[in-house]
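[1] Below: sequence and its predicted model.
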Amino acid sequence: MGDWTFFSNYGHVLVCLSRNHEARLRDVAAKVGITERAVQTIVRDMQDAGFITVSKQGRCNRYRINRRKSLRHALESHCSVGKLLSLVARPAPGQASADEVAETVPGASEEPRPGPRGEAVPPDPVKREPKQARKEPPPVDVRQQGDLF
């Protein structure tokens, strides 16, 4: 099996920044598996092309993605960045959303429910604990450069 992926480093950086708008470029580089300098170049290219806006907040950078911008290649130009990210940029593994943390055991409700013979069964007081944090796989060493996708 080869070492290739469907997205270029540009796509990987975009996904990382969409998951965490306050990410340090050092952390993005570690997740993508490229150097910090390469991430800086990618961010600058995407900023120059209007895909992201970088703003300073204190000592930190904040990255805002232009989700209405169309993808660059002619084959994907009918699709916006927002549509792509809605498919790929889910919360990172191990990060439970607020909905998952507050979720109760299936079938549990606040009101009594009918039992097998029609009698009332009290609600189940057991709440589901938040999902355990999963360990992220080691970063993949992908050293390619190119267009956004």
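    Nice, I can see it.

[2] The chain: helices as residue ranges?
    According to DSSP state H, the chain carries its helices in the segments 9-19, 25-32, 36-48, 81-88, 98-102.

[3] Just tell me which of those helices ends up closest to residue 65.
    Smallest distance to residue 65 across the helices of the chain (C-beta to C-beta): 5.5 Å, for helix 9-19. From N, CA and C alone the C-beta is placed, and that goes for glycine too.

[4] Reformat the helices of the chain as CSV; add mean pLDDT and distance to residue 69.
    Putting those into CSV (pLDDT from 0 to 100; distance: least, C-beta to C-beta, whole Å) gives the following:
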stretch, mean pLDDT, distance to residue 69
helix 9-19, 96, 11
helix 25-32, 96, 19
helix 36-48, 97, 10
helix 81-88, 94, 5
helix 98-102, 39, 29
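
[5] what's the most buried one of the ones you listed?
    With neighbours taken as mean count of other C-beta atoms under 10 Å, the helices of the chain reach their highest mean count in helix 9-19, at a mean of 22.
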